[in-house]
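> Here is a sequence with its predicted model. Questions after.
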Amino acid sequence: MAGAAPRRVRTVVPDPRPPLARAGADSLLTRVVLTTLACGFLGLFVALPIVSVFTEALRGGIHAYVEAIMQPDSIAALKLTLLTAAVSVPLNVVFGIAAAWLIARYHFPGKNLLTTLIDLPFSVSPVISGLVFVLLLGARGLLGPWLEAHDIHIIFAVPGIILATTFITFPFVAREVLPVMQEVGTDEEEAALTLGASGWQILFRVTLPKIRWGVLYGVVLCNARAMGEFGAVSVVSGHIRGLTNTLPLHVEILYNEYNMVGAFAVASILTLLALLTLAAKKIVEARQAAEPHGTIR
């Protein structure tokens, strides 16, 4: 129409900030809420229990704390815990590397079954695992009469504790090494083979240097579980004070006897071992990430 006013065109100026920056500015409240919830959860369920353990352990003073730790039963439990970890972890390292190499490098009937069985200790209750060993190796178990006839004691003895702990912890190294071995591939191993290297030379000079951080990470996790295992060890140990009690079992005994200072003092040792394990885990992750071709999960 002749008398109509011209339409005003509105110019939209684009936001020069990247999409992620705009989204971050718009979600400041969301980030604050999520951060608060995360910190509150960690403080309530992680930091507070750790502080409570040391507070209760030191309630009677340093003298009572040291006296509780230096009790013969506490020393025996600590030695047994370290012995169990010292035996079960190397066994799991050998098994984990062998299983990971077999699964990653070869195709064979039953490969999927082997991969599934590696995860079995994750899906079975530790108490059930310990009970299986009792039914198999106990005095009234399937192999019990033969073991008793040859004066071999496994259940309610140190070998049973090591056996149960090894079973519970064997997935850790294998599960950490397997994805690393699959990612590094076989190119360097095949090149070494064409140059005349033997199988052991390939393993120690090519494969292990490539997967060492995965192995170390698995060792850290395996060692942490071995020292803190309770369920399976409780079933096969027999709770013999000074002989078959690990640190977790000794804590339970002291707590049931209402020796709170002693129970929390021994528990503080496990807590310190857990913190050292966590520190070792972070060091391994940092060293792994710092390498140019490191593989980090």
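Everything's here; your move.
> At which residues are the strands of the stretch 101-250 of the chain located?
Assigned by DSSP state E, counting those that start in this stretch, the stretch 101-250 of the chain shows no strands.
> Residue 215 is in contact with residue 176, isn't it?
Yes - look at residue 215 against residue 176 with C-beta atoms under 8 Å: they come within range, at 7.4 Å. (Each C-beta comes from the backbone N, C-alpha and C, glycine too.)
> list residues touching both of those two?
Counting by C-beta atoms under 8 Å, 6 or more residues apart in numbering, the shared contacts of residue 215 and residue 176 are residue 96.
> Who has more neighbours out of those two?
Using other C-beta atoms under 10 Å, the more surrounded residue of residue 215 and residue 176 is residue 176, with 24 against 20.
> which residues sit in contact with the more buried one?
Residues near residue 176 by C-beta under 8 Å, 6+ apart: 96, 214, 215, 217, 218, 221, 297.
> and the residue nearest to it when sequence neighbours are not counted, what does it touch?
Sequence neighbours aside, residue 218 is the residue nearest to residue 176 in space, at 3.5 Å (criterion: C-beta to C-beta, 6 or more residues apart in numbering). By C-beta under 8 Å, 6+ apart, residue 218 lies in contact with 92, 93, 96, 172, 173, 174, 175, 176, 177.
> unless I'm mixing things up, the third one is touching residue 169, no?
I take that to be residue 96. No - assessed by C-beta under 8 Å, residue 96 is found out of contact with residue 169, at 9.8 Å.
> ok, residue 62 to residue 261 distance?
According to C-beta to C-beta, to the nearest Å, residue 62 and residue 261 sit 11 Å apart.
> Mind checking which of those two has more residues around it?
residue 261 (18 against 8).
> which among the contacts of residue 218 gets closest to residue 142?
Within those, the smallest distance to residue 142 is 24.9 Å, found for residue 92 (C-beta to C-beta).
> No further questions, thank you.
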